[in-house]
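Student: A predicted structure for the sequence below; I have some questions about it.
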Amino acid sequence: MKMKNTFFTLVVVLISLNLGLAQVGIGTTIPDESAELELQSTEKGFLPPRLTTAQRDDNIVNPAEGLTIYNTDQKCLNVYVGLGWRNLCAVVGANDVVNPQTGKIWMDRNLGATQVAIALDDADAYGDLYQWGRTADGHEKRNSPTYSAVLSTDGVSNFNNDPANAWDGEFILRDSGANNWVDPSVSGVDNLWQGVNSANNPCPTGYRVPSEAELNAERLSWSSNNAAGAYASPLKLPVAGSRRRLNGGFFYVGFFGRYWCSTVSGADARRLGFKGSGGSMGSRNRANGLSVRCLKD
């Protein structure tokens, strides 16, 4: 019976399309007037095509504006917007904000945040915590599971975001070596966040992780060099805390702000840090989880 119903629905859709009918309903006989196609169900969802980033870029030629897929690397819907693919998880509700002193254009919230900060310690504005150089594969979520790296030298053996990897979507723990999440001898590890076209750029299309000079210029424009100044700035940076490389636990959420730069420093990467008593640029082990604020390229 189920097969017959499915076949009947398919026939109805095909006939409707051939006859040029204005609307099609699946699960409903009265589709909404604004919809060309409406699906209704209390038991099932809509499943779009599922592709990796490589499959999307290599196999879809001349995508139509509005084309939608599910990206299995990013674990999020992607929509083609004419200039490139947009990761909807990273940009839901986000807008641009300009600092008139630096002239730079930024996203108005941290990656993963649901809103612009309305207070220095606004939890809804904290967003995600990324390990430096990793893409938005799910590891950045504050409730993501942890993975104990087993490579004897340092971290995992590669940085490819393949769902087949045991660590895909998991926060990689490091307590030895250079404290990177990936083997530093692998070619390209220093370039993972260098520019909009970098291998693992976590930002939406047209945005990138800022350099140390760019993020420091924002700090120097604050009314005070501390957490209060960070929040009072056009970027309204909250004290989102960080995540420890040792055990995946959290560090001073609601008290410290730590934001990655794309700039590397030896085995570490540069970061902006601030708290109630001051702010500065410094270095952190790349396996730590820090906030990301994207800069428009």
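Tutor: Received it, and whenever you're ready, just let me know what you need. What you see is a predicted model, and the numbers here were worked out from it, not measured in a lab.

Student: for the residue lying closest to residue 49 once chain neighbours are set aside, what are its contacts?
Tutor: Of all residues beyond its chain neighbours, the one nearest residue 49 is residue 69 (5.1 Å), with distances taken as C-beta to C-beta, 6 or more residues apart in numbering. Using the backbone N, CA and C atoms, a C-beta is placed for each residue, glycine as well. Residues near residue 69 by C-beta atoms under 8 Å, 6 or more residues apart in numbering: 48, 49, 50, 51, 56, 60, 77, 78.

Student: do residue 279 as well
Tutor: Counting by C-beta under 8 Å, 6+ apart, the residues that residue 279 touches are 219, 222, 225, 226, 227, 229, 230, 272, 273.

Student: which stretch of helix or strand covers it?
Tutor: Element membership for residue 279, per DSSP states H and E: strand 278-285.

Student: Contacts for the helix or strand just after that strand next, please.
Tutor: Beyond strand 278-285 in the direction of the C-terminus, DSSP H and E gives the next helix or strand as strand 289-290. Residues from elsewhere that reach strand 289-290 (C-beta under 8 Å, 6+ apart): 129-132, 140, 171, 242-245, 258-260, 271, 284.

Student: so what's residue 135 up against?
Tutor: With C-beta under 8 Å, 6+ apart, residue 135 has these contacts: 73, 74, 161, 199, 200, 201, 202.

Student: ok, 10 Å please
Tutor: 53, 71, 73-74, 87, 159-161, 192-193, 198-203 (C-beta atoms under 10 Å, 6 or more residues apart in numbering).

Student: how about it, phi and psi?
Tutor: Backbone torsions for residue 135, taken as degrees, to the nearest 10, come to phi -90, psi 180.

Student: Now it: closest residue in space that isn't a chain neighbour?
Tutor: residue 200 (4.1 Å).

Student: The nearest residue to residue 131 once chain neighbours are set aside - how many residues pack around it?
Tutor: What sits nearest to residue 131 in space, not counting adjacent residues and going by C-beta to C-beta, 6+ apart, is residue 181, at 5.0 Å. Burial of residue 181 is recorded as 27 neighbouring residues (other C-beta atoms under 10 Å).

Student: so what's residue 181 up against?
Tutor: Applying C-beta under 10 Å, 6+ apart, the residues near residue 181 are 131-134, 139, 147, 149, 154-156, 159, 167, 171-174, 189, 245, 285-289.

Student: Endpoint to endpoint, stretch 153-166 covers what distance?
Tutor: Using C-alpha to C-alpha, to the nearest Å, one end of stretch 153-166 lies 18 Å from the other.

Student: Could you do stretch 194-209 as well?
Tutor: Using C-alpha to C-alpha, the end-to-end distance of stretch 194-209 comes to 8 Å.

Student: Kindly supply the ChimeraX command isolating those of the contacts of residue 69 that are buried.
Tutor: In ChimeraX, a selection of the buried entries from the contacts of residue 69 looks like this (16 or more other C-beta atoms under 10 Å):
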select :51,56,78
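
Student: Farthest-apart pair in the contacts of residue 69, please.
Tutor: 60 and 77 (14.6 Å; C-beta to C-beta).

Student: if we can go back for a sec, quick one: buried ones out of the contacts of residue 279?
Tutor: Counted by 16+ other C-beta under 10 Å, those give 219, 222, 226, 227, 229, 230, 272, 273 as buried.

Student: now, which of the residues you listed lie within helices?
Tutor: Residues from the buried ones among the contacts of residue 279 lying in helices, with DSSP state H as the criterion: 219, 227, 229, 230.

Student: now stretch 162-181: how far from the chain's centre is it?
Tutor: Offset of stretch 162-181 from its chain centre (C-alpha atoms, centre = their mean, to the nearest Å): 17 Å.

Student: What is the end-to-end distance of it?
Tutor: Using C-alpha to C-alpha, one end of stretch 162-181 lies 15 Å from the other.

Student: Could you list the buried residues of it?
Tutor: 165, 167-174, 177-181.

Student: In strands, which of those appear?
Tutor: Among the buried residues of stretch 162-181, DSSP state E puts 171, 172, 173 in strands.

Student: closest to residue 109 among these?
Tutor: Relative to residue 109, the closest of those is residue 171; by C-beta to C-beta it sits at 21.6 Å.

Student: Any idea what the closest one is bridged to?
Tutor: residue 146 (DSSP bridges).
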